[in-house]
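[1] after the sequence you'll find the predicted model.
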Amino acid sequence: MAQTEQQGRNLNLTEGASPRRDAESVDHMPPEDQSLSPPRMRPPGDLSFFYDLPYEQQREIEEAFTTKRREAIAERVNGRNGDKSKREIVLTNAADIVEEDVEWLWKPYVPRGFLTLLLGDEGASKTTSLARIVAQATCGELAEQDEPERVLIIGDEDSWEHQWVPKLRVAGANLRLIDFARTRDVDAQEGDPDDSIMLPDDVDTLGEKIEDFALVVIDPLESHQKGAKSAFDPQENRQLQAPLIRVAHRSGAAIVGTIHTNRDKGTSSRSRMGGSITKRQSARHVLLLGWSPDDPDEKSPKRVLIPDKSNLIGPDEKRAISLELDGESGVSWVTFGDEVEFTAKQIIEATNSAAGVETGRGGLSKTKLAEIVIEEAFAHDVTDGHTINERLTAHGVDKAARRARKNLGITVEQNHEGSGGPGALKGSRTTWDRDEPPL
C-alpha cells in the first residue's frame, strides 16, 4: 500500500488537478515510476495512459485517492483533523449555579465583569470622556469604588505621548496606576517594534494580564479585532466578540470598547452602530455619547452620556448624565455634571443637528422617508418608476431609493422600450399601513 500511496502522489491525483508530466521529469524518475507515466507529453487532462495500466493497479490508485479525499473532507467538516474526541459536552445543573448580583465600577454606566460598548459620532469626545472615567477610577472617585484601582488601556489610534497621557494628566489621573498594552514576539530582540493587540488572537494572553486591573479600555474596538471577512457578517462578528466577553466574565474586569457610528443619519441607535448590529446584540451594556439637546451646535462643549441598551438594569435606571468639555493648550477634558431628562433618540437628533445633517421629515432617516414615499405611491396604485423617482427627488431622498426598495422587498422591471430606465416597481408590500398621514 505504501507503494500505492507513492504512486498516487507522483500522479498528482488530487481534486481538481490533472496528472500532467513532461518528458524531462519522466527521464529522472525511478523505473517503477516511469512505468506509470506516459512516454511523451500528453494534452492537459489526458488520462489514457492510466487506463493502459493493469486493472489491479488502477484499483489501488483509485482507492488511495478516494481515502485521501474522504480524510480531507472529514477534516474540513469536523474542524479538528477529523478527531471528535477532543471536544465534549459539559453539563452544569441549574441547582449548582450560585446567583450573583451585578457588580459596578460606576452604576449605571460601567459594570464589572462585562463588555460595555461606547457608541458615538466622530468628534463626540469619546476618548476624552474615557480619559475622565479612567482618571476617576485611578483615584477611587467613581460611585461604587472603595479605593483607587488599576486601569489598562489598549489603543493605538491616539498617540500615547501626545494625546492619551496629556488627557489623563489634566483629568487628574494617577498615572502610576495606568498601563498601556501592546504585544511582542517572545523571540523578539531588543529594539524590535511592538505590535498592536489583535483579538481574538491575543485574547488568552490578555486574559492572563488583566487579573489585577479593574478597568480595561479598548479604543477603538474595531482597530483591535482581526479575522472578519466582512464588517457586516453577524456570525463572524459574534465569534470575534465572544472571547472578549468570556475574558470579562472570568476576570471580573470592566471592559469598555469604543465604537464609531456609521453614515446612517436616522434617530435609532440600532442603525447607527458601525458594522454589524451583532456587536450591539452580543454586548450586554451599550452607552451612547452625543451632543446635548440643550445646545445642539457643532462647537458646543455640552455632551450627554446615557445607557442606551442594557440587560443589567431596568428601564427606569437608564439615567442620562451631562458632560462639559474644557481645555487649554490643545488638551481637553470633561467634567461630569448632573443627571438630565433626555432620551437616546433626543441625543441622536441633537448629534445629527450638530453635524448639520437633515434626518428627514419628523426625524426620520432618509431611507425611512424614501420607504414612506414608495409605500404611499403603491397605496395609490402608482407603480411607474419614473413617477416614483420624481417624488423621491422632490423629497431629497432619491439617493436612498435603492436601499428603501431592498428593505420593502421591491424589484424594478427594466423598460426596454426607449431609454431603458426603470419601469414598473413590483413588490409584495402595496398597502399604506402607517399612522402618519401621506406626504
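    Nice, I can see it.

[2] helices along the stretch 251-400 of the chain, start to end?
    269-272, 278-282, 344-354, 366-379, 385-394 (DSSP state H, counting those that start in this stretch).

[3] where do the strands of this protein begin and end?
    104-106, 110-111, 115-120, 151-154, 178-180, 215-218, 254-260, 285-291, 302-310, 320-328, 331-340, 410-414, 422-427 (DSSP state E).

[4] got those strands as a markdown table, with distance to residue 248, mean neighbour count and mean pLDDT columns?
    The way it works is simple: take the backbone N, C-alpha and C, and place the C-beta from them, glycine included. Shown next, in a markdown table, are these (distance: least, C-beta to C-beta, whole Å; neighbours: other C-beta atoms under 10 Å; pLDDT from 0 to 100):
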| stretch | distance to residue 248 | mean neighbour count | mean pLDDT |
| --- | --- | --- | --- |
| strand 104-106 | 12 | 21 | 95 |
| strand 110-111 | 9 | 24 | 96 |
| strand 115-120 | 5 | 25 | 93 |
| strand 151-154 | 12 | 23 | 96 |
| strand 178-180 | 17 | 17 | 96 |
| strand 215-218 | 8 | 26 | 96 |
| strand 254-260 | 5 | 25 | 92 |
| strand 285-291 | 10 | 26 | 93 |
| strand 302-310 | 15 | 23 | 92 |
| strand 320-328 | 23 | 15 | 84 |
| strand 331-340 | 24 | 16 | 87 |
| strand 410-414 | 43 | 14 | 71 |
| strand 422-427 | 44 | 17 | 58 |
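
[5] picking up where we left off before, worst average pLDDT in the helices of the stretch 251-400 of the chain?
    Mean pLDDT is lowest for helix 269-272 among these, at a mean of 72.

[6] against which helices or strands is that one packed?
    helix 344-354 (3 or more C-beta pairs under 8 Å, 6 or more residues apart in numbering; DSSP states H and E).

[7] okay but residue 313 is in contact with residue 287, surely?
    No. Residue 313 is not in contact with residue 287 according to C-beta atoms under 8 Å; the separation is 11.8 Å.

[8] what do these two both touch?
    Counting by C-beta atoms under 8 Å, 6 or more residues apart in numbering, the residues touching both residue 313 and residue 287 are residue 307.

[9] least confident secondary structure element in this protein?
    For the chain, counting by mean pLDDT, DSSP states H and E, helix 2-10 ranks last in confidence among helices and strands (a mean of 41).

[10] ok, how many other residues are close to residue 273?
    Residues near residue 273, counting by other C-beta atoms under 10 Å, number 25.

[11] distance check, the nearest residue to it once chain neighbours are set aside against residue 305.
    Nearest non-adjacent residue to residue 273, counting by C-beta to C-beta, 6 or more residues apart in numbering: residue 280, 5.1 Å away. Remark: distance between residue 280 and residue 305 (C-beta to C-beta, to the nearest Å) = 17 Å.

[12] contacts only, for the closest residue to residue 251 other than its chain neighbours.
    What sits nearest to residue 251 in space, not counting adjacent residues and going by C-beta to C-beta, 6+ apart, is residue 210, at 5.1 Å. Going by C-beta under 8 Å, 6+ apart, residue 210 touches 152, 216, 247, 251, 253.

[13] and if we set it to 10 Å?
    By C-beta atoms under 10 Å, 6 or more residues apart in numbering, the residues touching residue 210 are 150, 152, 154, 179, 181, 216, 247-248, 250-253, 255.
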